[in-house]
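Novice: how would this look folded up:
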Amino acid sequence: MSFESIIFSLSFIAPMLASLLIFLFGKKGFIKEGISFFAIILSVVSTSSYWHYITLNNNTLLLYEESFYIDGFSILMQFMVEAVALLVISYSARYIEKLYFHKKEKFHVYYGVILLSTGFMNLAFILNNLFWVYITLELSSILAVYLIVFNLNKATLKAGFKYLIFVNVGILFSLLGIILLFYATGKPVMINNIGQAVSNLPYTIALICAVLFIIGFFTKSGLIPFHLWLPDAYAEAPSAVTVFLAGAVTKMGFYGLARTVTIFAFHYEEIKILVIILAALSMLLGALLAFNQKDIKKLIAYCSISEMGFIGAALALKSYEGIFGGVFQIVNHTLIKGVLFFSVGAIIYACGTRKIEEIKESIGKIPVIGITFFIGALAVGGMPLFASFLSSITIFLALAKEFLWAAVILIIAEFISVIALLKTAIYIFWQKNEHNKAQKSFIPFTIIFCTLTCAVLIILFGIYPEIIYPLIDSATRGIIKIAG
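Specialist: Below you'll find the model as predicted:
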């Protein structure tokens, strides 16, 4: 194996090997944190080498007899998962130390599972054979169960069981779609030629395949009506894990959508309409269900479902603007959920509860977290100066050209979500409790740093989008290339 091949494979091999080292030796000192950081940095270097190659050659990359297919979308997804993993590992160091001290003997397993899941996701993003993409996606989903049930109480076990059943049964539909495609074409389904395969399918077979993929990947993403696992999983998992779920694990569903359903939507108008209807349902109902939630994490989870509806709708549009807006929203959704769930994690760290009423009664002065929560709330509403404004307006304009009613629902959903979040933020941070105003809650630097990082990036990408534009553009063109 050449040196170049080793560098290219580090994106998934480094986290996997690091997880093994942590399982074996991670109980000693700070070995688990050090190994985790080193492994993710190696992954970033490897992904950067993909980006360098594609930028120089203005092309996609096929490796090892077309076993691996790497384009701009693969690279963007890897960068995003690696960034989330770095932040989650940094945040977890102090967070789980206090809130899950009774699980101290399992901390090394916690870090190891995060790394192993990161490795499988990075592998899934560059595999060419759709069947192997499904296998790695399933493995990352199963690993996420351990992170959800980490506290091992009745509520977490229930949430983990619900996640396991719904996601794994749901994703089986995508496997049926792959099998049907294989049966119809007579050869393995490869990402680099799936567009040609779909265009030559019999009409009925194509529609059945598309519906199977929609069920499978909508379930994985947690979109309505396949969302039943998501609020409980997001709420019961440690806040750092919630960010990992929202920012990385569920994004695998959108990766699958972009590689399959988007292609069917390009060739069959019925599929495009079906996806738009389901996505609009997620937008509206997710926002409405966020109201009157007593659990702050469930409130954000339902807002997340609404936002992910924007992505689903955008990925079904047969236009550069629509796909671009959807890809940009994938990045923004990760940052927004990062700042909100990290902020909530800081609140739980200070108060020991996620119930809104109890937070109001016990929270002290934490001005930085208050500011970051407001930033996240405003970003959910797609306000100007935030990156979400650019992605939301792009999706709105692309939708309005073909589905004006869906574009209107998008605006209504954003308005409802931002009101629900701002109402909660004002209730918590502007409450008039003189006792609580006098006390100051201590939040560790690493928790504040990770939260601020997400908040700063949301603003930076909104004011100066040229920083991330090349990656978004390359990812968009990668999706369109295989669909066309």
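Novice: where do the helices sit along the stretch 301-450 of the chain?
Specialist: For the stretch 301-450 of the chain, the helices defined by DSSP state H, counting those that start in this stretch cover 320-351, 356-362, 367-380, 387-402, 404-429, 434-438, 445-463.
Novice: among those helices, which is the most enclosed?
Specialist: Across those, averaging neighbours per residue (mean count of other C-beta atoms under 10 Å) puts helix 320-351 on top, at a mean of 26. (Each C-beta comes from the backbone N, C-alpha and C, glycine too.)
Novice: what's the angle from it to helix 445-463?
Specialist: Counting by axes from the mean of the first three to the mean of the last three C-alpha atoms, to 10 degrees, helix 320-351 points 160 degrees away from the direction of helix 445-463.
Novice: that older thread, need the helices of the stretch 301-450 of the chain in JSON lines with mean pLDDT and distance to G186, can you?
Specialist: Putting the helices of the stretch 301-450 of the chain into JSON lines (pLDDT from 0 to 100; distance: least, C-beta to C-beta, whole Å) gives the following:
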{"stretch": "helix 320-351", "mean pLDDT": "92", "distance to G186": "30"}
{"stretch": "helix 356-362", "mean pLDDT": "77", "distance to G186": "56"}
{"stretch": "helix 367-380", "mean pLDDT": "90", "distance to G186": "46"}
{"stretch": "helix 387-402", "mean pLDDT": "92", "distance to G186": "35"}
{"stretch": "helix 404-429", "mean pLDDT": "90", "distance to G186": "37"}
{"stretch": "helix 434-438", "mean pLDDT": "50", "distance to G186": "68"}
{"stretch": "helix 445-463", "mean pLDDT": "93", "distance to G186": "45"}
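Novice: Can I get those helices in JSON lines including distance to H108?
Specialist: As requested, those are exported to JSON lines (distance: least, C-beta to C-beta, whole Å):
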{"stretch": "helix 320-351", "distance to H108": "21"}
{"stretch": "helix 356-362", "distance to H108": "31"}
{"stretch": "helix 367-380", "distance to H108": "29"}
{"stretch": "helix 387-402", "distance to H108": "36"}
{"stretch": "helix 404-429", "distance to H108": "35"}
{"stretch": "helix 434-438", "distance to H108": "37"}
{"stretch": "helix 445-463", "distance to H108": "18"}
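Novice: For G286, which of those is the nearest?
Specialist: Closest approach to G286 among the helices of the stretch 301-450 of the chain is made by helix 404-429 (7.1 Å; C-beta to C-beta).
Novice: In terms of secondary structure, what does the closest one contact?
Specialist: Applying 3 or more C-beta pairs under 8 Å, 6 or more residues apart in numbering; DSSP states H and E, one finds that helix 404-429 makes contact with helix 269-290, helix 296-315, helix 356-362, helix 367-380, helix 387-402.
Novice: For A425, which of those is the nearest?
Specialist: helix 367-380 (5.4 Å).
Novice: export the closest one as CSV, just CAs?
Specialist: Extracted C-alpha coordinates of helix 367-380, given in CSV (Å, rounded to 0.1, in the frame of the first residue of the first chain):
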residue,chain,number,x,y,z
PRO,A,367,-24.7,35.5,30.7
VAL,A,368,-22.5,33.8,28.0
ILE,A,369,-24.9,30.8,27.8
GLY,A,370,-27.9,33.1,27.8
ILE,A,371,-26.4,34.9,24.8
THR,A,372,-25.5,31.8,22.9
PHE,A,373,-29.0,30.4,23.5
PHE,A,374,-30.6,33.5,22.1
ILE,A,375,-28.2,33.3,19.1
GLY,A,376,-29.3,29.7,18.5
ALA,A,377,-33.0,30.7,18.8
LEU,A,378,-32.7,33.6,16.3
ALA,A,379,-30.7,31.4,13.9
VAL,A,380,-33.5,28.8,13.9
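Novice: one step back: turn the helices and strands packed on helix 404-429 into CSV, columns for distance to V198.
Specialist: Below are the helices and strands packed on helix 404-429 laid out as CSV (distance: least, C-beta to C-beta, whole Å):
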stretch, distance to V198
helix 269-290, 10
helix 296-315, 15
helix 356-362, 47
helix 367-380, 34
helix 387-402, 20
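Novice: and V45, which of those is closest to it?
Specialist: That would be helix 387-402 among the helices and strands packed on helix 404-429, by C-beta to C-beta, at 25.5 Å.
Novice: P225: neighbouring residues, count only.
Specialist: Residues near P225, counting by other C-beta atoms under 10 Å, number 12.
Novice: I should have written G222 there, sorry.
Specialist: Neighbour count for G222, taken as other C-beta under 10 Å: 29.
Novice: tell me which helix or strand of the protein sits lowest on mean pLDDT?
Specialist: helix 434-438 (a mean of 50; mean pLDDT, DSSP states H and E).
Novice: from what I can see A206 touches Y268, true?
Specialist: Yes - A206 is in contact with Y268 according to C-beta atoms under 8 Å; the separation is 6.1 Å.
Novice: With neighbour numbers in mind, choose between these two.
Specialist: For the pair A206 and Y268, the greater number of neighbours falls to A206 (22 against 18), based on other C-beta under 10 Å.
Novice: Next, the angle from whichever strand or helix holds the more buried one to helix 296-315.
Specialist: Per DSSP states H and E, A206 falls inside helix 203-221. For helix 203-221 against helix 296-315, the angle by the same axes, to 10 degrees is 150 degrees.
Novice: What are the buried residues along stretch 138-146?
Specialist: Neighbour-count burial for stretch 138-146, with 16 or more other C-beta atoms under 10 Å as criterion, is recorded at 138-141, 143-146.
Novice: Pick the one among these closest to G325.
Specialist: G325 lies nearest to S140 out of the buried residues of stretch 138-146, by C-beta to C-beta, at 26.2 Å.
Novice: you'd agree the closest one is up against S117?
Specialist: Yes - using C-beta under 8 Å, S140 is in contact with S117, at 4.9 Å.
Novice: Overlap of the contact sets of those two?
Specialist: Contact with both S140 and S117 is made by residues V249, according to C-beta atoms under 8 Å, 6 or more residues apart in numbering.
Novice: Stretch 257-271: end-to-end distance?
Specialist: End-to-end distance for stretch 257-271: 12 Å, by C-alpha to C-alpha, to the nearest Å.
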